[in-house]
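Q: 3D, please:
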Amino acid sequence: MSIQLAHLLENIPYQLWKQISTHQFKQIDNNSFSVYEPPSFFPLNTNDIAYTDGGLKTSKDIHFQYAHGIRYVLRIPSFHRISNDLENKLFELLPFFAHKAMEQTQKKLLQNLYDSINAITSITNLDELLSKIIDTTMKVIPEADVGVLWVYDEQDKCLKVRKTSSLVDDVTMKSMKMKSGEGMIGTVFQQGEAKIYRTSSEIFQASANMSADNLSYLEKAYSFTNVKSVLCAPVKVQQKTKCVLILYQFHRVTFDEPDLELLKTFANQVSIVLHNTNIFEAMQNQNQLLQKRAEIHERLVQLSLLNKGIDFIKQAFEEIIGFSCSLVDAFNYSIDQRESLYIVDRHLENLNKNETLNTPFFVHSPNNDVYQVYPIINLNTCLGYLIFDAKIELSATQRMVLEQGIPLLTLEFIHRKTETENQFKATEEAFQHLLLAETSAELRRAAKQLRLDDTKPVFSLIFEVSFDVNPSFTNLYMQRFINFIQHQLGNQLTILYTQDAFIVTLLHASSVKETETLVLKIFSDASSIKVRTGIGTKALRLGQIGKSYKEAYKALNQLQEKSIWQQSLNFKDIGINQLFLSQPEEEIRAFVNDFFDPLIMSNRTDTHLCETLQVYMQNNRSISQTAEALHIHVNTLYQRLHKIESCLQISLKNAEDALKAQLACYLKENWVTEI
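A: Below is the predicted model:
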């Protein structure tokens, strides 16, 4: 609950919803208000405020529409009234309250994740662990109403219910036997991939191949008729699915992609714990190791929960494991600067040899030292590496430290990556506000958010990059390039945001020459990366930045049209092409076709006329130079020109006709590849 919003509303019950797709809303804050149905969607204009009861007589919804399709909905009891002053304050402050609420939710989510991992990793008995998994899963994803854990029985070759949440008839459910490929559970088990079922029709369709016995047991165990959405994820041990987690939602808004990603992440952690527990059951006589494991985990978790940062976790990790190691953050500069991209290069080589993404490997440094490297992976993205001397032979205790430490490092790296993404999202929103600002006050407010000095001129720079690497490393290389250009240009460069392969920036520079010199430095130092840059004109005032931004995109588009890399293009250097950038390509093509069609249709046997006219215009209508370029006699050229004039019904001596012909030739050569 947002304390500030509750105070502003004088502690009346409320819900705060955010539009997350065209017709879907997600609840992001709640103050003692238990209405489950989401708000209804209807079109609104930017800055509009609309009231609706959404068919719910006990409450009313207040829709606040912002720019870029952003909408927040405040739900309050129907008998409460909102004054105009409060309505205006809410419109101004709701984005801030929403951001705070989502930030609190994220912290609570991480806390639940930490607590849940701590709860299951402290269990060494397999039966107890399997019984605990569904309870901890429900804590990690509190939106779920019912949860069931299915475990594959190797002897009977089927999936069986191991544990259900409290609302389900556990005894009846345990009578079910699900084959591989049967229903949602069997499908996820067979394919080994997590799935989300958003509608009742999707759920019933996925369950259509269930046996009559299983359907009968399912109906007796719980009323699944009104299920709205389902999450289902495999739990793997050594790349083989052993369990399936399934969560059902009946009363709330349907699950979304973040819920699925969270379940997949937690399932990955469960996989690690499950694997470790199998090992511990085979080593019950080693109580000392188990005690050490608990101490290690508790210490690392406490450090992580204190938010002291990854450097503190690394220091404690070294003390516990008994030797020095290095950490590389793949999305930022190395935490230990002596490591470099040769580690990533070797990792890519291993992937090309069909190794898995999280497989440890050995690497030779430029000094020919040998290191053992443990990748830090979240789903299909490499976040970083843990590195230590390959000469060290790991004891059982040290291997345990690695197993416990790497998942916590993964969570810390995810947090760092999320912070970076949120920063870019915030600057993108601020930049869009700057572009759409209508008053000087709005401009200054947006500039303050972007930390722009309105006394210094800026140039808009848009970079496009291309990496010929495994898709799992694309984001990694993009972030590396961003760090690289920030390092090269320092405080002169403001990174606004990234979008696919594009990086939108502002460069503080006094002149075009200085800008081009700085960009050229990037190209010379980044020769191994395919990159091109569009540069807008100088913006002397905040209000001119939008113009410079559009010009940078147009300049970049020119490089794209000609498939040019490793170059930058300044909008001012586009020349006459500036006249055509805003014209649709279809109109330009139509103009060229209309001009040349009579020449082509009337002289199908003579293909030299188009070429003759183009060469004639290229040589500034010089008869002698054109004849020499075409290797024909002057009289032959005169005959061709006369034929051209006759076909096109023009006179090349007429200034307007000559200009039209010259423009058509120019566009045919530079804009239209074929007619």
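
Q: rest of the way, CA atoms for contacts and neighbours
A: Will do.

Q: Identify each buried residue in stretch 359-378, please.
A: Under the neighbour-count criterion of 16 or more other Cα atoms under 10 Å, stretch 359-378 has Pro360, Phe361, Phe362, Val363, Tyr371, Gln372, Val373, Tyr374, Pro375, Ile376, Ile377, Asn378 buried.

Q: cool, and stretch 70-89?
A: For stretch 70-89, burial by neighbour count (16+ other Cα under 10 Å) applies to Arg71, Tyr72, Val73, Leu74, Arg75, Ile76, Pro77.

Q: what's the answer for stretch 308-317, then?
A: Buried residues in stretch 308-317 (16+ other Cα under 10 Å): Ile310, Ile313, Lys314, Ala316, Phe317.

Q: if you look at the buried residues of stretch 70-89, which of them are in strands?
A: Arg71, Tyr72, Val73, Leu74, Arg75, Ile76, Pro77 (DSSP state E).

Q: quick one on the thing from earlier: now, which of the buried residues of stretch 308-317 sits nearest Ile522?
A: Ranked by distance to Ile522 (Cα to Cα), the buried residues of stretch 308-317 are led by Ile310 at 30.5 Å.

Q: How much space separates Asn557 from Phe502?
A: 12 Å (Cα to Cα, to the nearest Å).

Q: wait, Asp311
A: Taking Cα to Cα, one finds Asp311 at 32 Å from Phe502.

Q: The one helix or strand Thr136 maps to: what's the following helix or strand?
A: Secondary structure from DSSP states H and E places Thr136 in helix 126-140. Per DSSP H and E, the first helix or strand lying C-terminal to helix 126-140 is strand 146-153.

Q: List of residues touching that following strand?
A: Outside strand 146-153, the residues that touch it by Cα atoms under 8 Å, 6 or more residues apart in numbering are 130, 133-134, 138, 158-168, 185, 242-249.

Q: what do you get if the cut-off is 6 Å, keeping everything else the same?
A: Strand 146-153 has contacts (Cα atoms under 6 Å, 6 or more residues apart in numbering) with 158-165, 242-248.

Q: Quick check: of the buried residues of stretch 70-89, which lies closest to Asp468?
A: Nearest to Asp468 among those, with distances taken as Cα to Cα, is Arg71, at 38.6 Å.

Q: got a list of what the closest one touches?
A: Counted by Cα under 6 Å, 6+ apart, Arg71 has contacts Gln19, Phe64, Gln65.

Q: between the residues you listed, which is closest to Lys195?
A: Gln19 (22.7 Å).

Q: I believe the closest one is in a helix; please confirm or correct that.
A: No. Counting by DSSP: H, G, I helix; E, B strand; the rest coil, Gln19 is not part of a helix but strand.

Q: Show the pLDDT at it.
A: For Gln19, the pLDDT comes out at 83.

Q: In the stretch 501-650 of the chain, where is pLDDT below threshold?
A: 525-528, 575-584, 603-607 (pLDDT under 70).

Q: hey, where'd the helices end up in it?
A: For the stretch 501-650 of the chain, the helices defined by DSSP state H, counting those that start in this stretch occupy 512-525, 545-561, 585-602, 608-618, 623-630, 634-648.

Q: Give me whichever of those is most buried.
A: helix 545-561 (a mean of 20; mean count of other Cα atoms under 10 Å).

Q: Format the CA atom coordinates belonging to that helix as PDB.
A: Extracted as PDB, the C-alpha positions of helix 545-561 are listed here (Å, rounded to 0.1, in the frame of the first residue of the first chain):
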ATOM      1  CA  ILE A 545      15.800  18.800 -29.600                       C
ATOM      2  CA  GLY A 546      12.700  17.100 -31.100                       C
ATOM      3  CA  LYS A 547      13.700  18.500 -34.600                       C
ATOM      4  CA  SER A 548      17.200  17.200 -34.200                       C
ATOM      5  CA  TYR A 549      15.900  13.800 -33.100                       C
ATOM      6  CA  LYS A 550      13.700  13.400 -36.200                       C
ATOM      7  CA  GLU A 551      16.600  14.500 -38.400                       C
ATOM      8  CA  ALA A 552      18.900  11.900 -36.800                       C
ATOM      9  CA  TYR A 553      16.400   9.100 -37.700                       C
ATOM     10  CA  LYS A 554      16.200  10.400 -41.300                       C
ATOM     11  CA  ALA A 555      20.000  10.500 -41.600                       C
ATOM     12  CA  LEU A 556      20.200   6.900 -40.200                       C
ATOM     13  CA  ASN A 557      17.500   5.900 -42.700                       C
ATOM     14  CA  GLN A 558      19.700   7.100 -45.600                       C
ATOM     15  CA  LEU A 559      22.500   4.800 -44.400                       C
ATOM     16  CA  GLN A 560      20.000   1.900 -44.100                       C
ATOM     17  CA  GLU A 561      18.700   2.400 -47.600                       C
END
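
Q: helices or strands next to it in the packing?
A: Contacts defined by 3 or more Cα pairs under 6 Å, 6 or more residues apart in numbering; DSSP states H and E place helix 545-561 against strand 530-539.

Q: between the strand it packs on and helix 545-561, how big is the angle?
A: Calculated by axes from the mean of the first three to the mean of the last three Cα atoms, to 10 degrees, strand 530-539 forms an angle of 150 degrees with helix 545-561.

Q: List the pairing partners of strand 530-539 within its sheet, with orientation.
A: strand 458-466 (antiparallel), strand 567-570 (parallel) (DSSP bridges).

Q: count of residues packed around Ala208?
A: For Ala208, the count of nearby residues is 12 (other Cα atoms under 10 Å).

Q: which element follows the helix or strand bottoming out on mean pLDDT in the chain toward the C-terminus?
A: When the helices and strands of the chain are scored by mean pLDDT, DSSP states H and E, helix 342-352 comes last with a mean of 67. The helix or strand immediately downstream of helix 342-352 is strand 361-364, counting by DSSP H and E.

Q: Give the next helix or strand downstream of that next one.
A: strand 370-378.

Q: partners of that following strand, with directions?
A: Its sheet considered, strand 370-378 pairs with strand 361-364 (antiparallel), strand 381-389 (antiparallel) by DSSP bridges.

Q: Tell me the helices and strands packed up against the longest helix anywhere in the chain.
A: Secondary structure of the chain per DSSP state H: the longest helix is helix 396-436. Under the contact definition 3+ Cα pairs under 6 Å, 6+ apart, helix 396-436 sits against helix 440-450, strand 493-499.

Q: Run the angle between that helix and strand 381-389 for me.
A: Going by the same axes, to 10 degrees, helix 396-436 makes 140 degrees with strand 381-389.

Q: For helix 396-436, the averaged confidence score.
A: 82.

Q: how close does the closest residue to Gly546 other than its chain neighbours get to Phe312?
A: Excluding the flanking residues, the one nearest Gly546 by Cα to Cα, 6 or more residues apart in numbering is Leu435, at 5.2 Å. The spacing between Leu435 and Phe312, counted by Cα to Cα, is 42 Å.

Q: do the same with Asp135
A: In terms of Cα to Cα, Asp135 sits 31 Å off from Phe312.

Q: can you put the helices of the stretch 501-650 of the chain in a markdown table and add distance to Pro234?
A: Output for these, formatted as a markdown table (distance: least, Cα to Cα, whole Å):
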| stretch | distance to Pro234 |
| --- | --- |
| helix 512-525 | 45 |
| helix 545-561 | 43 |
| helix 585-602 | 49 |
| helix 608-618 | 65 |
| helix 623-630 | 71 |
| helix 634-648 | 71 |
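
Q: do you know which of those lies nearest Thr455?
A: helix 545-561 (13.0 Å).

Q: what's the spacing between that closest one and its chain's center?
A: Offset of helix 545-561 from its chain centre (Cα atoms, centre = their mean, to the nearest Å): 24 Å.

Q: and if you look at stretch 296-314?
A: Averaging C-alpha positions (Cα atoms, centre = their mean) puts stretch 296-314 27 Å from its chain's average.
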